[in-house]
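Chemist: no FASTA, just this:
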């Protein structure tokens, strides 16, 4: 258990550092208004602090903390979900926001829900449109990646 928690701590610390570095490429704030990098930066800092706290707690713990079984059916589902999210983040850069988000939502709604294909399609389109509308038109966050929309 101790080794597993240290591994998880290292993974999340790495992700947090990557998000911190990538958020520096977002546009800066203007006229005292927080820019688009504020939320990814804050979440990454909180994640990094939590990862470091977990690592410190595990290093201070005496003993191994019991056995850890990482290959359970529910655990495999989590690993696959994480893999789909990594592919989604990579596809954002090459494909674009709307297509990647629609596909990711459709896959997750299909996988975790028991809805007919029309409901899955409508939900994925609606959620993608609302998120795009909020970020593009209300928050004025530019979407500058991907060769598709």
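Modeler: Thanks, I have the structure now. It should be emphasised that the depicted structure is a prediction, and the values quoted were computed from it without experimental measurement.

Chemist: what element comes up after the lowest-mean-pLDDT helix or strand in the chain heading to the C-terminus?
Modeler: Sorting the helices and strands of the chain by mean pLDDT, DSSP states H and E puts helix 73-94 at the bottom, at a mean of 86. Moving toward the C-terminus from helix 73-94, the next helix or strand (DSSP states H and E) is helix 97-112.

Chemist: before we move on, back to that, identify all contacting residues around the least confident helix or strand of the chain.
Modeler: 69, 99-101, 103-104, 107-108, 145-147 (C-beta atoms under 8 Å, 6 or more residues apart in numbering). No exception for glycine: its C-beta is placed from N, CA and C like everyone else's.

Chemist: distance of the residue nearest in space to the middle of the chain from residue 6?
Modeler: In the chain, the residue lying closest to the centroid (C-alpha atoms, centre = their mean) is residue 85, at 6.4 Å. Remark: distance between residue 85 and residue 6 (C-beta to C-beta, to the nearest Å) = 22 Å.

Chemist: likewise residue 138?
Modeler: According to C-beta to C-beta, residue 138 stands 41 Å off from residue 6.

Chemist: So for those two, which sits in the more crowded spot?
Modeler: Between residue 138 and residue 6, residue 6 has the larger neighbour count (other C-beta atoms under 10 Å), namely 14 against 8.
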